[in-house]
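S.K.: fold the following and give me the result.
(one chain, ligands or ions: 1)
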Amino acid sequence: MKLDIIHYPDDRLRRKAKFVDVFDSSLEQLTLNMLETMYHADGIGLAAIQIGIELAVMVVDITEDKSQPYTFINAKILHFSAEKNTYKEGCLSVPDTSENVVRPANIEIAYQDIHGKHYTLKADGLLATCIQHELDHLDGKVFIDRISGLKKSLIDARIKKAKG
Ligand SMILES: [Zn+2]
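M.R.: Sure, this is the predicted structure:
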């Protein structure tokens, strides 16, 4: 089932996700719905906060052919590199906007799967950026919080105007 994605500057994007402690079939269904929603919108990542659910659930697939879906429950960063990477980021919650964002180039995360099993993952490149972008959502942040104040106020003005 495709879900509605919340758009910036909706206050619900500022809420913080709670850790998941029940690993049941409704959690699995949520992740499947999130993947369907992300793929339908041609995104490479989606956090539950973006569909109004305050749980530490996110899905990611950076492949062009949508062949490598990741589902991360209760993800947290264990290590990040001093080395930085810059990517032009976009967001399904901030349509028609892309800006360069600087983030650590390499990360290691701990997370759980839909059954509660624990894993770690080392990521670099676009995957590392995408995971950090989604983790920001779970913390009530959007990527344009990470760009300069002037650029952000220009984006805010444009979005306000578009909304009338
Ligand atoms: Zn986003």
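S.K.: ok, the most centrally placed residue in the chain - contacts?
M.R.: Nearest to the geometric centre of the chain sits residue 134, at 2.1 Å (Cα atoms, centre = their mean). Residues counted as contacts of residue 134 (Cβ atoms under 8 Å, 6 or more residues apart in numbering) are 45-47, 58, 60, 72, 75. C-beta: built from backbone N, CA, C; applies to glycine.
S.K.: dump these to a markdown table, plus distance to residue 110.
M.R.: As requested, those are exported to a markdown table (distance: Cβ to Cβ, whole Å):
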| residue | distance to residue 110 |
| --- | --- |
| 45 | 18 |
| 46 | 20 |
| 47 | 17 |
| 58 | 14 |
| 60 | 15 |
| 72 | 10 |
| 75 | 7 |
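S.K.: that older thread, what's the helix or strand for the residue nearest to the centre of the chain?
M.R.: helix 125-138 (DSSP states H and E).
S.K.: contact partners of the helix or strand that that helix is followed by?
M.R.: Along the chain past helix 125-138, the next helix or strand (assigned with DSSP H and E) turns out to be helix 149-163. By Cβ under 8 Å, 6+ apart, the surrounding residues in contact with helix 149-163 are 8-9, 94, 97, 99, 144-145.
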